[in-house]
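K.L.:
I'd like to go over a predicted model; first the sequence, then the structure.
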Amino acid sequence: MEIGHPGRALLALAVLNGIAIAQDRWKELGPAPITNGPYTGRVAAIAASKSNTNLYYVGGADGGVWKTIDAGRSWTPIGDHLPVTAVGALAVDPKNDNVLYVGMGEANFANHSRYGEGVAKTTDGGATWMIHAFVTFGGRCFHRIVIDPKNTRVLYAAITHAGGFPRKVAARNHPGANGPLGIFKSIDGGENWAHLTVGLPSTVSATDVAIDPKTPATIYAAIGDIFGHSQNGVYKSTNGGASFTKLGGGLPTSNVGRITLAVAPSSPSRVFASVVRRSSSTGGSASTRGVYRTDNGGSSWTSVSPGSYQASYGWYLCTSIVHPTNANTILCGGFSCRRSTNSGSSWSTVTPPHVDLHAFDFDASGRLLCGNDGGIHRSTNLGSSWSSINSNLGLVQFYAGISPHPTNPDVVYGGTQDNGTNRRSSGTSWTRVLGGDGGYTSIDSTGSRVFVESQGTGNLYRSVNGGSFRRSNSGISGRNCFLPPHEIHPSNSLLMIYGTERVFRSTNGGTSWGAISGDLAGGIGAIAGLAFAPSNADTIYVGTNTGRVQVTENGGQSWRSSLTGLFVWPRTQRQFAVHPTDPKRAYLAVGAFRTDQLRYTTDAGRTWSPLDGDELPDLPAHCVAIDVTQGIPPIVYLGTDRGVYRTEDHGLTWEEYGTASLPNAPVIDLRVDHKNKRLLAATQGRGLWEVKLLVRGGRLTQPIVK
């Protein structure tokens, strides 16, 4: 299958009153990047040309593929319309810079490390794409693709399961999530792949693969299930992957989780293995186990540990690289960055401006590139100093809970993955107002009271002057959904709700809080979504990350179980939309494959009916918004893992809303802004977008993408 470059796609057409008109295009609102830093979202992979000092490719965790031809002064997205925008691996052909392989699916094991849909390949620098091996790799993730430098049609790939706690929850019940793992090989430029299983496990994640550039039949494989496995370790093949042998000779044999490899290009018998301790079931304990060096191709290994540089979540961040011409210089990245210039005898800390490191590469002039949770940084002195090259790189991963200002359309608040809560002022310019991982935001109807948060229970902050924020958590306690949801009632700005495992209510604008429910999550987990009924503040809908939906119609005096057993993402979502005039009518988005992704109730959750219809693809849905201003039934908008869908006839028919101009990124939040006649879509990987609301009857004729 070949996918045309989005710039070549025809504009979609809408038909309004029998007249064909050009569809309004989605407009990017940024951040691109956040001015503090400047930072953007997570860069999971880098592939720099080894002959052109100005050419780099980067892969966003959920932001697709980007290209620079001026060494990072400006960037162009070239992969917005690939099947998914989750990127785990990039590999540029060493003999042809226009040939790039993209391993779809981010192999960093977080709850938002989404599944892939095969290998994307371009032979013209990103103008057109071919998709290979969807069946072979769909539902899983790529950690690495390496190319045989002597025969560039030969490739090797390290394949992992999708991320999450519990395991594979980021695959969202994808039908391919349980497919084979480990090391794969292609001999025809990525079109077909063979699973290498002689001497290797076939059901355990491979967290790295490396090639000897001088003797490319020698392959090293890292098997590194993050929760620990008896077959975890470093394996070697000397016959191009036909068979592998597990290496010992000083490598650890217990408490081994994720492993990353780095071969010294100038002296490939020297290999470094960075080993992480196995993770707990909740993501803790995964500190640095050690760094080990071999100088004889793996026959024996010596510990050269730089100490712990991965905090307790090395399952999420573990990368390393050896200098291309100096085999004594090694860099290891995790939470921070360690550098040794004497083969590991001593180490110094050379962390970029943003922590949480995921990818290294050297460009053609020997400059060091680092991808991290704040984007990409470059060093000309091996990390002693760094510069940001994030200009116009729009990779920000929003969480649910964006808030448009009620009187100023330029202003929007939103929380982002590891880049705080940010405030838009104009264009794509955003400024951080609170650090950490930014979560839900709320603005009252006057715009004077703003709430933001960082991860954890009770980390809720309030501003009453549009500037300084102070804690607003008195009385809140309990378990959290990492970024707890909260909401202001639309007709009473002093009335709020907040979710831990219980629902808390404030009647004084967040000054103090009291619980109005017991544990709604069943003893584990927490509330992931909640919503007031706009016309009746006593009716509240609650969803938990344990798969439960519960409803109260009397302000929390009693709660009724509505649904159980839903497949849910562990983090917060805006999963409910309640009709503005009828508290019993509500919509529920479900974020999983192979289920009813949109459900509807007319009796306050006593019964639910599917609204998927025949035209809505089988895609996880994260958020739902409704427009009741254009008659009956409401127009319903659904944010999915691949853009926005709309129905005018209550689910009988569906259309993609803005295929030509909205990237295929997961849409994590939707807000209908009636006052400004627009729809806002927050993506987890490509920032915030807006489009004019199309009136009822404006059916979209989508472009044929070739």
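P.N.:
Structure received.
K.L.:
quick one: contacts for T511?
P.N.:
472, 474 (CB atoms under 8 Å, 6 or more residues apart in numbering). Glycine gets a C-beta too; all of them are placed from N, C-alpha and C.
K.L.:
helix, strand or coil for it?
P.N.:
coil (DSSP: H, G, I helix; E, B strand; the rest coil).
K.L.:
Distance check, it against T351.
P.N.:
40 Å (CB to CB, to the nearest Å).
K.L.:
Tell me the buried residues in stretch 174-194?
P.N.:
For stretch 174-194, a neighbour-count test (16 or more other CB atoms under 10 Å) marks 174, 176-177, 179, 181-186, 189-190, 193 as buried.
K.L.:
Out of those, which is nearest to V234?
P.N.:
I183 (12.1 Å; CB to CB).
K.L.:
tell me the strands in the stretch 51-200 of the chain, going along the chain?
P.N.:
56-60, 64-68, 76-77, 87-92, 100-104, 119-122, 128-132, 140-147, 155-161, 182-186, 194-196 (DSSP state E, counting those that start in this stretch).
K.L.:
Present these as a markdown table; the columns should include distance to R338 and mean pLDDT.
P.N.:
A markdown table is the format used below for the strands of the stretch 51-200 of the chain (distance: least, CB to CB, whole Å; pLDDT from 0 to 100):
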| stretch | distance to R338 | mean pLDDT |
| --- | --- | --- |
| strand 56-60 | 23 | 98 |
| strand 64-68 | 27 | 98 |
| strand 76-77 | 33 | 98 |
| strand 87-92 | 23 | 98 |
| strand 100-104 | 26 | 98 |
| strand 119-122 | 32 | 98 |
| strand 128-132 | 37 | 98 |
| strand 140-147 | 21 | 98 |
| strand 155-161 | 23 | 98 |
| strand 182-186 | 27 | 99 |
| strand 194-196 | 32 | 98 |
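K.L.:
out of these, nearest to T572?
P.N.:
Going by CB to CB, the one of those nearest T572 is strand 56-60, 21.3 Å.
K.L.:
Can you name every helix or strand that that closest one contacts?
P.N.:
In this structure, strand 56-60 makes packing contacts with strand 43-48, strand 64-68, strand 87-92, judged by 3 or more CB pairs under 8 Å, 6 or more residues apart in numbering; DSSP states H and E.
K.L.:
want to throw the strands of the stretch 51-200 of the chain into JSON lines with distance to A515?
P.N.:
Output for the strands of the stretch 51-200 of the chain, formatted as JSON lines (distance: least, CB to CB, whole Å):
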{"stretch": "strand 56-60", "distance to A515": "40"}
{"stretch": "strand 64-68", "distance to A515": "43"}
{"stretch": "strand 76-77", "distance to A515": "46"}
{"stretch": "strand 87-92", "distance to A515": "42"}
{"stretch": "strand 100-104", "distance to A515": "44"}
{"stretch": "strand 119-122", "distance to A515": "49"}
{"stretch": "strand 128-132", "distance to A515": "50"}
{"stretch": "strand 140-147", "distance to A515": "40"}
{"stretch": "strand 155-161", "distance to A515": "38"}
{"stretch": "strand 182-186", "distance to A515": "48"}
{"stretch": "strand 194-196", "distance to A515": "52"}
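K.L.:
what does the model give L13 for pLDDT?
P.N.:
The predicted local distance difference test score for L13 is 26.
K.L.:
typo on my end, it should be T546
P.N.:
pLDDT, T546: 97.
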